[in-house]
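**Q** Pasting the sequence and the predicted model now:
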Amino acid sequence: MKFIALVKSEKFRYLVAGAWNTVFGYGLGVGAYLLLSQKLHIIYISILANIVAITMSFLTYKLFVFRTSGEWLKEYLKIYLVYGTTAAIGTILLWIFVDFFYINIWLSQGLVLLSVFIFSFFLNRNFTFKKAND
């Protein structure tokens, strides 16, 4: 019974969604870099990849983790406050890692993604998808 309760818990769903979003964001970031780096600077690639990745995160957290209803635009804008800030920091870190420290994109993208996982849980739970009765 404890296993079933664990699987149904918000934290477990967040872990599953976070794992998916991390794999998706990592693959998207590296893939976009490999496809576009000859034509676009890494900052532009990161911005484009972050827009898609943030939208994916929004959908998985809204529909699967926090299961809120309504408030689509309000919550979407709020998630950009959370992830927009971390994406801006991540974009700067990615640029520094790749262009100045010459760390390969695979490791650089992984370091950036790891830096926001736990922090974003608390911000999303307590800000983006905060339920009215909380």
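**A** Sure, I can see it.

**Q** Please pull up the helix or strand immediately following the helix or strand hosting residue 110.
**A** In the assignment (DSSP states H and E), residue 110 maps to helix 105-114. Moving toward the C-terminus from helix 105-114, the next helix or strand (DSSP H and E) is helix 117-123.

**Q** before we move on, the earlier item: any buried residues in the helix holding residue 110, and which?
**A** Residues 105, 108-109, 112-113 are the ones in helix 105-114 that count as buried (16 or more other Cβ atoms under 10 Å). For every residue, glycine as well, the C-beta is placed using N, CA and C.

**Q** and that helix, what does it pack onto?
**A** Packing contacts for helix 105-114, counted by 3 or more Cβ pairs under 8 Å, 6 or more residues apart in numbering; DSSP states H and E, involve helix 10-36, helix 72-95.

**Q** least reliable of the ones you listed going by mean pLDDT?
**A** For these, mean pLDDT drops lowest on helix 72-95, to a mean of 87.

**Q** Check which helices and strands it sits against.
**A** Where contact means 3+ Cβ pairs under 8 Å, 6+ apart, helix 72-95 is packed against helix 42-60, helix 105-114, helix 117-123.

**Q** Redo the ones you listed as JSON lines? Include distance to residue 94.
**A** Shown next, in JSON lines, are the helices and strands packed on helix 72-95 (distance: least, Cβ to Cβ, whole Å):
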{"stretch": "helix 42-60", "distance to residue 94": "5"}
{"stretch": "helix 105-114", "distance to residue 94": "5"}
{"stretch": "helix 117-123", "distance to residue 94": "16"}
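
**Q** Same list, those, but as a markdown table with distance to residue 87 and mean pLDDT please.
**A** Below are those laid out as a markdown table (distance: least, Cβ to Cβ, whole Å; pLDDT from 0 to 100):
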| stretch | distance to residue 87 | mean pLDDT |
| --- | --- | --- |
| helix 42-60 | 4 | 93 |
| helix 105-114 | 9 | 85 |
| helix 117-123 | 11 | 74 |
